[in-house]
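1. Dropping the sequence and predicted coords here.
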Amino acid sequence: MVLTHYTKNHGEEAREGEKLSHESQELLLSLPKEKGWRTPYLYKYQGFWCQPMEIQATVSFQKHFLARDTDVVLATIPKSGTTWLKALAFAIVNRKRFPISNNHPLLSYNPHDLVPFFEYKLYANEQLPDLSNLSNLPQPRLFGTHVPFASLANPINKSSSRVVYLCRNPFDTFVSSWHYTNKIIPKTQAPMPIEDAFEMYCKGIVGFGPFWDHMLGYWKESIERPHKVLFLKYEDMKEDVSFHLKKLADFLGFPFSLEEERAGCVEKIAKLCSFENLKELEVNKAGKSIKNFENKNLFRKAEVGDWVNYLSPRMAEQLTKVMEEKLGDSGLSFKVLP
Ligand code: A3P
């Protein structure tokens with residue numbers, strides 16, 4: 001019954017609707033909605049704008065996920081360096097099992113294959129993930145998510161599991177999101193004009209936005225509970241990857257020994273996970289690791305300050321104002337130029 005509501009509206013929404021449970025369809029009907037960037041609508045669930053399938057997956061995760069004390073959750077808002085963070089964390093915690101060598105898993109698998117997303121992989125289907133699989137994941141289990149802290153908090157707070165949040169300046173994140181959207185929309189759909197995307201972004205209407213609430217949720221938690229949440233910034237990592245790699249390893253409980261440091265282990269991991277290395281690997285040029293999206297689109301420029309090539313001075317001023325207003329005196333600030 002509820003499905004007809006979708007089929008009447010849009011082809012794409014109908015397709016999404018078909019995959020949604022009756023319960024999720026009912027839930028959507030009760031949520032505020034806005035035109036989406038790529039899908040017909042984004043819905044506001046627990047304060048954040050999400051696609052229907054993301055909401056269904058989040059509900060399922062919240063109901064069923066049982067965290068373990070050793071679990072690690074890698075959280076980001078889309079296009080903030082998720083792929084990089086997953087690669088680094090995987091290489092760090094598994095370095096005894098998989099020393100940096102010519103047959104390291106990161107050379108044949110995309111980081112999203114090695115560190116599954118809650119919402120796009122483990123809880124993406126209405127059926128529960130194979131729990132035996134979930135419990136067989138190597139320790140510590142690494143998970144990825146774009147879910148905001150408040151939505152994540154319930155299952156995660158009940159355990160001593162740790163959370164790493166990687167944040168990127170909103171200027172570059174916006175430009176990266178806009179490029180990505182236009183690469184993955186169906187060829188039959190017109191590209192999204194940057195001005196339209198920008199207006200929506202500044203209003204907070206973007207996947208898992210408003211970006212300021214997403215960032216502040218994790219930021220505040222990292223200040224209150226620094227042992228629970230590590231807050232990293234993309235720009236800082238680009239500036240000194242070795243320093244942040246060590247910080248990440250310490251936080252995850254896998255510090256580098258002096259011998260490892262002397263043997264150049266930190267630099268080897270940094271190089272293995274670098275944009276330049278990952279981008280050129282066959283698996284990242286050809287595969288599809290997140291839903292049906294091509295891996296090659298996950299690697300574009302990886303620069304700090306690329307936004308200057310796309311945003312007009314007026315747009316830059318507008319976004320600066322939004323950030324000043326929304327981030328206020330939180331203490332969260334960004335480097336927006338190299
Ligand atoms: P750009 O579009 O600015 O190039 P996510 O992984 O969250 O989807 O983020 C994608 C952004 O991270 C893209 O930014 C992409 O190029 C960049 N990126 C991908 N792999 C990276 C890596 N190994 N190191 C640094 N940045 C990387």
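-> That came in fine, so what should we check first? Numbering: from 1, shown residues only.

2. Let's see whichever strand or helix holds V175 as CSV, backbone CA atoms only.
-> Under the criterion of DSSP states H and E, V175 resides in helix 170-184. Extracted C-alpha coordinates of helix 170-184, given in CSV (Å, rounded to 0.1, in the frame of the first residue of the first chain):
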residue,chain,number,x,y,z
PRO,A,170,33.7,22.3,4.6
PHE,A,171,34.9,24.2,1.5
ASP,A,172,36.8,21.2,0.1
THR,A,173,34.2,18.7,1.5
PHE,A,174,31.5,20.5,-0.4
VAL,A,175,33.5,20.6,-3.7
SER,A,176,34.4,16.9,-3.3
SER,A,177,30.7,16.0,-2.7
TRP,A,178,29.5,18.0,-5.7
HIS,A,179,32.0,16.3,-8.0
TYR,A,180,31.3,12.9,-6.6
THR,A,181,27.5,13.4,-7.0
ASN,A,182,27.9,14.4,-10.6
LYS,A,183,30.1,11.4,-11.3
ILE,A,184,27.7,8.8,-9.9
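
3. now the angle between helix 170-184 and the very next helix or strand once past that helix, please.
-> Later in the chain than helix 170-184, the nearest helix or strand by DSSP H and E is helix 194-202. Helix 194-202 and helix 170-184 are oriented at 120 degrees to each other (axes from the mean of the first three to the mean of the last three CA atoms, to 10 degrees).

4. how far is helix 194-202 from where the chain is centred?
-> In terms of CA atoms, centre = their mean, to the nearest Å, the centre of helix 194-202 is set 20 Å apart from its chain centre.

5. State the mean pLDDT of that helix.
-> Helix 194-202 carries an average pLDDT of 98.

6. Go through that helix and flag the buried ones.
-> I194, A197, F198, M200, Y201, C202 (16 or more other CB atoms under 10 Å). C-betas here are computed from N, CA, C, even on glycine.

7. And stretch 106-117, by the same measure?
-> Within stretch 106-117, the residues scored as buried using 16+ other CB under 10 Å are L106, L107, Y109, N110, P111, H112, D113, L114, V115, P116, F117.

8. That stretch close to the ligand?
-> No - Stretch 106-117 lies out of reach of the ligand by CB under 6 Å from any ligand atom, never closer than 8.2 Å.

9. quick one, what contacts the residue of the stretch 101-250 of the chain found nearest the ligand?
-> Using CB to the nearest ligand atom, the single residue of the stretch 101-250 of the chain nearest to the ligand is S176, 3.3 Å away. By CB atoms under 8 Å, 6 or more residues apart in numbering, the contact list for S176 reads K79, R168, R300, D306.

10. cutoff 7 Å now
-> For S176, the contact set (CB atoms under 7 Å, 6 or more residues apart in numbering) comprises K79, R300.
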